[in-house]
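Visitor: Need a 3D model of the following:
(chains A, B, C and D)
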Protein chains: 2
Amino acid sequence: MSPRPSGGQAATATRVALVAGAIETLREVGFAGASARQIARRAGCNQALIFYHFGSVPDLLVAALEEISARRMAAYRTLLDRTGSIAELVDAARAIFIEDLDAGHVTVLVEMISGAQSVPGLGERVKACLEPWRDFAETAVREVLASAPIQVPAGQVAHALVAGILGLELLAHLDSDRSSGLALFDQARTIGDLLDRLRPLAGLLNLKQGDT
Amino acid sequence: MSPRPSGGQAATATRVALVAGAIETLREVGFAGASARQIARRAGCNQALIFYHFGSVPDLLVAALEEISARRMAAYRTLLDRTGSIAELVDAARAIFIEDLDAGHVTVLVEMISGAQSVPGLGERVKACLEPWRDFAETAVREVLASAPIQVPAGQVAHALVAGILGLELLAHLDSDRSSGLALFDQARTIGDLLDRLRPLAGLLNLKQGDT
DNA sequence: GTCTATACTTGGATAGAC
DNA sequence: GTCTATCCAAGTATAGAC
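Guide: Numbers count the residues shown, from 1 in each chain, chains lettered A, B, ... in the order given. Predicted structure coming up:
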């Protein structure tokens, strides 16, 4: 669809600026306010370039979401690499949550999900972008709770976790207050710490453990 | 601001139709697609009437949200009246969640929260509409867990609960699948049932219970 | 109170100069 | 590749007929 000429160096810079502008616009005025002119102004270039490089405004917005999705996945994966305690992982997750909140990554995601209602076919593409986030969450839950003394359905917990993050983002933005959300991480940290202490007892308490 | 002539019977019918149309529009095409013309078409009346009766489109949308908020609060309060078991209350909450999901009540709320980004001052008004929902959630958590054998911060749990509902709504709409959310209620039902069985032991287990 | 008609603004998208 | 200029569609809002 989009031209994407092969050898453009300046073109790449423009596309990067437009994606950054799209993210900034989604953050500041939401999906409903993300017009081509608003985005171009923040990108510091002409409005017509959006259509030249991306074809349409929704296409650019999807590209922006994909960019964020890819960047955050990289950051998240470093989380799973630390195979330390659960409490340690909760701390790291909290730090990343703050980072996402301040940078507006989740805002962009939420705006795209709710905004998808008004553009036919957009929902499918947003859904595809969200898939890695869900997979990551499920993997994280599975790994973290593998050694825990309780048996939980990882898929459901992951679903609740993703939903929780999205909901907290909505509320945090509405209230201009992120402390309410962070307090929940502190709560999780306490529970995680408890699970860490109980871990040595895992073998004793696993009554109906099926897997290895 | 709005005229609201005192003795209009037909006028009231029109306002009702417009509010209903606004809700339907927010559900079907979201905040970004909720234009005066779209709403008027669904309300079966003229676009100009929106400005006559409500002053502006955002004002009508807020009125629609207030309408929903009031109606749902009435339904929710019947929940708290049943002072039965926790499991029973989870069942009732599940039924209401389904009702809200199918009728699109939460969709309207989510669209208004995320859409508020693009209209200066709208956020404050949406926030005011959300307040009763939060208060209700906190009261519900407090009452339900008062007799439970564990000590929990009701405010934080309520905040997480509201966030969870909003997030589940976002995901349910994106996936056109509400079963993932409902599965969590089944999970909660199991936990509630566990708490019900443990309730007789509450006196024994309360190690650091401060209140009555 | 409700409609038609319209003024005005903004947004999506394209053509063509450079 | 990027800009200016422009067309057209859709939106908000108002004036005035009925």
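Visitor: quick one: the host helix or strand of residue A:193 near chain B?
Guide: Per DSSP states H and E, residue A:193 falls inside helix A:179-198. Yes: counting by C-beta under 8 Å from any C-beta of the partner chain, chain B is contacted by helix A:179-198 at A:180-181, A:183-184, A:187. Yep, even glycine has a C-beta here, placed from its N, CA and C like the rest.
Visitor: Tell me how far the most centrally placed residue in chain A lies from residue A:43.
Guide: Nearest to the geometric centre of chain A sits residue A:106, at 5.3 Å (C-alpha atoms, centre = their mean). Distance, residue A:106 to residue A:43, using C-beta to C-beta, to the nearest Å: 22 Å.
Visitor: Tell me how many other residues surround the residue nearest to residue A:51 when sequence neighbours are not counted.
Guide: Nearest residue to residue A:51 in three dimensions, chain neighbours excluded: residue A:36, at 7.4 Å (C-beta to C-beta, 6 or more residues apart in numbering or on different chains). For residue A:36, the neighbour count with other C-beta atoms under 10 Å in any protein chain shown is 20.
Visitor: pretty sure residue A:36 contacts residue A:53?
Guide: No: judged on C-beta atoms under 8 Å, residue A:36 makes no contact with residue A:53 at a distance of 11.5 Å.
Visitor: Please work out the average pLDDT along the helix or strand hosting residue A:21.
Guide: Assigned by DSSP H and E, residue A:21 falls within helix A:9-29. The average of the pLDDT scores along helix A:9-29 is 95.
Visitor: and that helix, C-alpha only, in CSV?
Guide: C-alpha atoms of helix A:9-29 as CSV (Å, rounded to 0.1, in the frame of the first residue of the first chain):
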residue,chain,number,x,y,z
GLN,A,9,17.4,8.0,4.3
ALA,A,10,15.5,11.3,4.8
ALA,A,11,12.3,9.5,4.2
THR,A,12,13.0,7.2,7.1
ALA,A,13,13.6,10.2,9.3
THR,A,14,10.3,11.6,8.3
ARG,A,15,8.5,8.4,9.0
VAL,A,16,10.1,8.2,12.4
ALA,A,17,9.1,11.8,13.1
LEU,A,18,5.5,11.0,12.0
VAL,A,19,5.3,8.0,14.2
ALA,A,20,6.6,9.9,17.2
GLY,A,21,4.2,12.7,16.4
ALA,A,22,1.3,10.3,16.2
ILE,A,23,2.2,8.8,19.6
GLU,A,24,2.5,12.3,21.1
THR,A,25,-0.8,13.3,19.6
LEU,A,26,-2.6,10.2,20.9
ARG,A,27,-1.3,10.9,24.4
GLU,A,28,-2.2,14.6,24.4
VAL,A,29,-5.6,14.7,22.7
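Visitor: does any part of it sit near DNA strand D?
Guide: Yes: shown here: helix A:9-29 in contact with DNA strand D (C-beta under 7 Å from any atom of the strand) through A:10-11, A:13-14.
Visitor: What is the nearest of those to residue B:78?
Guide: residue A:14 (57.7 Å; C-beta to C-beta).
Visitor: mind listing what the closest one touches?
Guide: A:43, A:45, A:49, A:53 (C-beta atoms under 8 Å, 6 or more residues apart in numbering or on different chains).
Visitor: Show me those that map onto strands.
Guide: Judged by DSSP state E, the subset of those located in strands is empty.
Visitor: okay, now residue A:84: neighbour count?
Guide: For residue A:84, using other C-beta under 10 Å, the count is 11.
Visitor: Equivalent analysis for residue A:74, please.
Guide: Count around residue A:74 with other C-beta under 10 Å applied: 8.
Visitor: What parts of chain A come near chain B?
Guide: By C-beta under 8 Å from any C-beta, the residues of chain A that approach chain B are A:28-33, A:110-111, A:113-119, A:123, A:126-127, A:130, A:153, A:156, A:159-160, A:162-168, A:170-171, A:173-175, A:180-181, A:183-184, A:187.
Visitor: tell me which residues of stretch A:104-120 are tucked away?
Guide: For stretch A:104-120, the neighbour count (16 or more other C-beta atoms under 10 Å in any protein chain shown) marks A:104-119 as buried.
Visitor: Does DNA strand D have contacts with the strand or helix carrying residue A:74?
Guide: Using DSSP H and E, residue A:74 sits in helix A:57-81. No: judged by C-beta under 7 Å from any atom of the strand, helix A:57-81 makes no contact with DNA strand D; its nearest approach is 13.0 Å.
Visitor: Show residues contacting that helix.
Guide: A:1-2, A:18-19, A:22-23, A:26, A:31, A:34-36, A:39, A:50, A:53-54, A:89, A:92-93, A:96, A:99-100, A:105, A:108-109, A:112, A:115, A:119, A:122, A:125-126, A:129-130, A:132-133, A:136, A:139-140, A:143.
Visitor: In contact with the residue nearest to residue A:51, which residues?
Guide: Counting by C-beta under 8 Å, 6+ apart, residue A:36 has contacts A:47, A:50-51, A:57.
Visitor: change it to 6 Å
Guide: Residues near residue A:36 by C-beta atoms under 6 Å, 6 or more residues apart in numbering or on different chains: A:47, A:50, A:57.
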